[in-house]
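**Q** got a sequence here, can you build the structure:
(one chain, ligands or ions: 1)
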Amino acid sequence: MSERLRNWAGNIEFSAARVHRPASVEQVQEIVARAERVRVLGTGHSFNTIADTDADLLSVGGLPADIRIDAGAGTVSVAGGVRYGELARRLDADGYALHNLGSLPHISVAGAVATGTHGSGAGLGNLATAVAGVDIVTGGGELVSLRRGDADFDGAVVALGVLGAVVRVTLDIQPRYRISQHVYEQLPRAELDAHWDEIASAAYSVSLFTSWRGDTVDQVWLKRRDEDAPAPAELFGAVPAAGKRHPIAVMSPEHCTEQGGAPGPWHERLPHFKLEFTPSSGEELQTEYFVARADAVAAFAAVERVRDQVVPALQISEIRTVAADSMWLSPHFERDSVALHFTWVPNHDLVLGAVDALEAALAPFAPRPHWGKVFRHAPGYARGRDFAALAARLDPAGTFRNAFVERHVLGE
Ligand SMILES: Cc1cc2nc3c(=O)[nH]c(=O)nc-3n(C[C@H](O)[C@H](O)[C@H](O)COP(=O)(O)OP(=O)(O)OC[C@H]3O[C@@H](n4cnc5c(N)ncnc54)[C@H](O)[C@@H]3O)c2cc1C
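**A** Residues are numbered from 1 along each chain as shown. Here you go, the predicted structure:
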């Protein structure tokens, strides 16, 4: 054992016999070619055993970032281990932007797209929808390039590390833009049901934070582009916050990106948390389920019916929207989605009780869990069989499998 690693939350100790940090693509190829079993680790921000293995664990975080902007093609290509925060700074400095970001800029590009990581925005797909190409070191050490439009592409981006190590990702870019962030408080719960669609599309990106207690939703964050309609003086009864807010009331808002409506660079407003600070609470587990956006109001009621099991384990919930896409293992595959997120206290037993209650309550809506968060069952991934066939073709020896993907994806 050369190194004992834990994930960001500290709830998973990786059981890898060996940890590799290659500095070149050739070294990645050599390590994979020699390995019997290998898993790739990004920045370790997932909350379950998705990246774990008892054999070889490989991080591509040591490859040179090698950020290449192709203005003509409207793309940037970057090493897979680069964090979004670093990529975003470079893009912005050169006059470019991505369509969206997750709540934190700390995660690696390849690790985030591998699980279908998303931000919010009724018209915005998850981060993987910006991927135009991936370069993957597959079992045996072969370097395979797949581009949007290739037959296997829709199976190969949200791929949970099953097809190989993604050493390079090409992403769509657009001219840089500005975002202003407005926080509203105390949205009457009944107004959310009555005006769900209007609230979810009230800005380029909208996030709601609720503790599922009482008759109000705690906070609504509107992230507006300059060209969007002006921020309203009041949002269906919710009023502008008097000062800066953290989604979890007891935490310092210092960790959060600028609020109060001052416009700023896209990458300093789309994430909720600043790159230099610990995101979220730091002492937590997380769970998230996606159901059809059209079922949102019924799903809110379903969550409230199991409030007694959910609330004792909860720090805060976040509600976001994600546009449908065509990627087989995407939680948003062919379904405009509402994301029901739960930031839990770091108590595994309490959390699993809440997760069981939620999975039962949401079952009528065919919920799909976030691949990188705590869940029990992952039904409803319609193209799982096609994915298993693709995995068998690109990785016939099963080099990149682990117990997590065998249980939840490959069905063994
Ligand atoms: C505080 C916090 C906030 C979060 N906020 C959000 C959010 O706003 N939206 C959201 O959707 N999720 C969110 N997440 C979850 C997080 O975005 C996902 O778990 C994401 O996959 C983590 O990326 P990572 O680089 O840490 O990947 P890891 O957790 O290290 O790995 C995740 C998966 O990707 C694979 N992988 C990693 N790198 C590669 C590679 N180079 N090639 C092939 N496969 C690879 C791994 O094998 C594994 O299967 C949050 C997590 C935390 C801790």
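**Q** CA only for contacts and neighbour counts going forward, please
**A** Noted.
**Q** list the buried residues of stretch 148-158.
**A** Asp152, Phe153, Asp154, Gly155, Ala156, Val157, Val158 (16 or more other CA atoms under 10 Å).
**Q** do stretch 8-27 as well
**A** Quick answer for stretch 8-27 (16+ other CA under 10 Å): 9-12, 14-16, 18-22, 25.
**Q** redo these as a markdown table? Include distance to the ligand, pLDDT and secondary structure.
**A** Listed next are these as a markdown table, based on distance: CA to the nearest ligand atom, whole Å; pLDDT from 0 to 100; DSSP: H, G, I helix; E, B strand; the rest coil:
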| residue | distance to the ligand | pLDDT | secondary structure |
| --- | --- | --- | --- |
| Ala9 | 6 | 96 | coil |
| Gly10 | 10 | 96 | coil |
| Asn11 | 11 | 96 | coil |
| Ile12 | 11 | 96 | coil |
| Phe14 | 11 | 96 | coil |
| Ser15 | 14 | 95 | coil |
| Ala16 | 13 | 96 | coil |
| Arg18 | 15 | 96 | strand |
| Val19 | 13 | 96 | strand |
| His20 | 13 | 97 | strand |
| Arg21 | 11 | 97 | coil |
| Pro22 | 12 | 98 | coil |
| Val25 | 11 | 98 | helix |
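**Q** any chance of those residues in CSV, plus distance to Ala323?
**A** Formatted as CSV, the buried residues of stretch 8-27 follow (distance: CA to CA, whole Å):
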residue, distance to Ala323
Ala9, 28
Gly10, 31
Asn11, 31
Ile12, 31
Phe14, 33
Ser15, 36
Ala16, 36
Arg18, 39
Val19, 37
His20, 36
Arg21, 35
Pro22, 36
Val25, 34
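**Q** farthest-apart pair in those, please.
**A** Greatest spacing in these, by CA to CA: Asn11 and Val25 (30.6 Å).
**Q** and the stretch 1-150 of the chain, which residues reach the ligand?
**A** Taking CA under 6 Å from any ligand atom, the part of the stretch 1-150 of the chain that reaches the ligand is made up of 39-46, 50-51, 60, 80-81, 102-104, 107-108, 110-112, 114-115, 117-119.
**Q** just the buried ones out of those residues, please.
**A** For those, a burial check counting by 16+ other CA under 10 Å picks out 39-46, 50-51, 60, 80-81, 102-104, 107-108, 110-112, 114-115, 117-119.
**Q** got the contact list for Tyr381?
**A** Residues near Tyr381 by CA atoms under 8 Å, 6 or more residues apart in numbering: Trp328, Leu329, Ser330, Pro331, Arg368.
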